[in-house]
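Asker: quick one, fold the following:
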Amino acid sequence: MASPFTLVLAILSVESSYLNEVERPAKTVPDTVQFWFTPDSQWRIKTYAIDHDIHVHRINIADEARRLTTEFAQNNIKKSYGDVTSEVLILEFPDPKNEAEVKRILRDKKLNGTLEEVKAGYYFYKPDSGNYHTSSKP
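Answerer: Numbers count the residues shown, from 1 in each chain. This next block holds a predicted model:
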């Protein structure tokens, strides 16, 4: 049985700023595209490394038949970011509040960042210790 909390994480080969319309090869921190799936919500998250901007979209699901799948997320990432995707990982978290377990799962995938909880009901992967916040509107 799959974990109730799944993160589809795309590490991009670029760092960018949505506000300043800049995109360049990543030097230290990459942009990411993420899908966070829980039993009762789904989210699409994009992080912009240069200014630590984050765009979050809650995906409305009226019923189980309309839920997105990890395959959909992977295909969406490939279609939209395939030319700048370094890798796509599927991470399953039995309990994202269990810090030791989260650290082990991230370490097993050779990820140095952290999983951050947001009061709105989702988590996202931070590739660095920066303070991510929404500073632009798509």
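
Asker: how about the helices in this structure?
Answerer: Assigned by DSSP state H, the chain shows helices spanning 70-81, 99-108.

Asker: elements contacting the last one?
Answerer: The helices and strands touching helix 99-108, judged by 3 or more Cβ pairs under 8 Å, 6 or more residues apart in numbering; DSSP states H and E, are strand 85-93, strand 114-118. Every C-beta, even on glycine, is put in place using the N, C-alpha and C of the backbone.

Asker: quick revisit: now the helices of the chain as JSON lines including distance to residue 48, mean neighbour count and mean pLDDT?
Answerer: Output for the helices of the chain, formatted as JSON lines (distance: least, Cβ to Cβ, whole Å; neighbours: other Cβ atoms under 10 Å; pLDDT from 0 to 100):
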{"stretch": "helix 70-81", "distance to residue 48": "13", "mean neighbour count": "15", "mean pLDDT": "96"}
{"stretch": "helix 99-108", "distance to residue 48": "21", "mean neighbour count": "13", "mean pLDDT": "97"}
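
Asker: show me the one of these that comes nearest residue 116.
Answerer: helix 99-108 (10.2 Å; Cβ to Cβ).

Asker: so which of the helices and strands packed on helix 99-108 gets nearest residue 46?
Answerer: That would be strand 85-93 among those, by Cβ to Cβ, at 12.7 Å.

Asker: for the residue nearest the centre of the chain, list each beta-bridge partner.
Answerer: By Cα atoms, centre = their mean, the mean C-alpha position of the chain lies nearest to residue 34, the distance being 2.5 Å. Beta-bridge partners for residue 34, by DSSP bridges, are residue 9, residue 45.
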